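> return atomic coordinates for the entry below.
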Amino acid sequence: MNAVLESPRDAVEEAAAYLLSMPQSKGNVRHLFYPGIYVRELSVAAGNAIVGRVYKAAQVNILAKGVVLLRREDGSWARTVAPQIFLGGATRKIAYVIKDMVWMNVFATDERDVETLEASYLEDDSPSNERPMIAHDGAFEAMCAQIGYTPEQVREASERSDDLIPFPIGEYKVKIGRSRIEGRGLIATSDIAGAEIICHACLAGKRTPAGRYMNHSDTPNAQMFIAAGNVYLRALRAISGCVGGQDGEEVTVDYRFAVELGRNLHHE
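Have a look, this model is predicted:
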């Protein structure tokens with residue numbers, strides 16, 4: 001570390017740069033939507049250091065579980081034991097997890113799009129999620145031909161906006177984010193177990209963001225199913241969530257199966 005620093009914030013930024021240069025660990029993130037409230041929940045195992053994002057304004061922080069060493073702005077460290085609730089400033093937090101931790105940031109809002117929320121509350125300082133795009137192999141066009149539509153027709157149906165609703169109130173291990181396949185996609189932010197129900201894809205005849213943005217794959221990791229007239233999304237295998245500041249796997253389905261499921265739903 002450089003011994004000559006202009007301010008405590010410089011020391012935090014230098015420490016953050018050092019920690020981010022090291023191999024990154026799991027940091028599962030869930031998104032909890034309640035009426036008028038958004039909660040961002042981070043779960044990290046003991047033995048890991050955490051570099052927080054820089055917030056634009058003060059926010060409510062809850063240490064719901066665990067014990068952490070939290071670095072103060074003056075450079076000292078505070079042993080913090082759950083449960084704790086405090087107001088965090090517009091600064092970057094650095095902490096060391098002594099016992100498995102669950103940390104929550106709480107915001108008053110009705111917004112349910114995570115990208116919009118992050119742009120509103122966070123400075124643009126996160127590690128880049130710019131990853132190489134998956135090579136175009138013609139699978140999408142071949143799938144379209146098999147279901148009897150052109151690629152343009154499939155995209156037009158996907159991009160309709162008259163049947164869209166936000167994610168319902170609830171808890172989510174996914175968000176809409178940049179896709180490695182095309183445009184935006186459904187991205188895992190927390191580990192999802194095989195056979196776990198991920199979220200609604202269609203509710204009361206309306207598509208959720210999952211139903212709108214899920215991309216096609218010939219080797220999908222999820223599948224839609226119908227229950228009580230609604231369409232849900234279920235994992236076909238374990239799906240990995242966030243590692244360090246990077247997004248997890250993209251959640252994909254086979255459009256051929258989804259189209260057949262849609263036909264069955266309309267015939268009920």
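
> can you count the residues close to residue 67?
16 (other CB atoms under 10 Å). Quick note: C-beta positions are derived from backbone N, CA and C, even for glycine.

> which residues sit against the helix or strand that it is a member of?
Counting by DSSP states H and E, the element that carries residue 67 is strand 59-71. Here strand 59-71 makes contact (CB atoms under 8 Å, 6 or more residues apart in numbering) with 12, 15, 41, 46, 50, 77-88, 93-107, 121.

> switch the cut-off to 6 Å
The contact list for strand 59-71, computed with CB atoms under 6 Å, 6 or more residues apart in numbering, reads 77-82, 84-86, 88, 94-106.

> so of these, which ones are in strands?
77-81, 84-86, 88, 94-106 (DSSP state E).

> got a quick PyMOL command for the buried subset of those?
Buried residues within the ones in strands among the contacts of strand 59-71, by 16 or more other CB atoms under 10 Å, are selected in PyMOL with:
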select buried, resi 80+94+95+96+97+101+102+103+104+105+106
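
> which parts of the stretch 151-268 of the chain are helices?
Using DSSP state H, counting those that start in this stretch, the helices of the stretch 151-268 of the chain run over 151-158, 209-213, 255-267.

> low pLDDT regions in the chain?
1-13, 15-16, 18-20, 22, 125-138, 262-268 (pLDDT under 70).

> can you give me the domain boundaries for it?
8-121, 139-267 (automatic domain parsing).

> tell me how far the residue nearest to residue 139 when sequence neighbours are not counted lies from residue 149.
Counting by CB to CB, 6 or more residues apart in numbering, residue 218 is the residue found nearest to residue 139 once chain neighbours are left out, at 5.0 Å. Distance, residue 218 to residue 149, by CB to CB, to the nearest Å: 17 Å.

> comparing these two, which residue is more hemmed in?
The residue with more neighbours, out of residue 218 and residue 149, is residue 149; 16 against 13, by other CB under 10 Å.

> measure the more buried one to residue 158 for me?
11 Å.

> how about residue 117?
23 Å.

> ok, residue 38 next?
Taking CB to CB, one finds residue 38 at 26 Å from residue 158.

> repeat that for residue 44.
When distance is defined by CB to CB, residue 44 is 36 Å away from residue 158.

> show me which of those two is the more surrounded one.
residue 44 (21 against 16).

> surely the more buried one meets residue 102?
No - applying CB atoms under 6 Å, one finds residue 44 not in contact with residue 102, separated by 8.3 Å.

> ok, the closest residue to residue 209 other than its chain neighbours - how many residues close by?
Distance criterion CB to CB, 6+ apart; nearest residue to residue 209, sequence neighbours excluded, is residue 176 at 5.0 Å. Neighbourhood size, residue 176 [other CB under 10 Å]: 21.

> show me what residue 176 is bridged to.
Bridge pairing for residue 176 (DSSP bridges) gives the partners residue 186.

> contacting residues around it?
Residue 176 touches 184, 209, 213, counting by CB under 6 Å, 6+ apart.

> show me what the strand or helix carrying residue 41 is in contact with.
According to DSSP H and E, residue 41 maps onto strand 37-44. Residues outside strand 37-44 that contact it (CB under 6 Å, 6+ apart) are 27-30, 32, 50, 97, 101-107, 109.

> between these, which is closest to residue 192?
Nearest to residue 192 among those is residue 28, at 9.8 Å by CB to CB.
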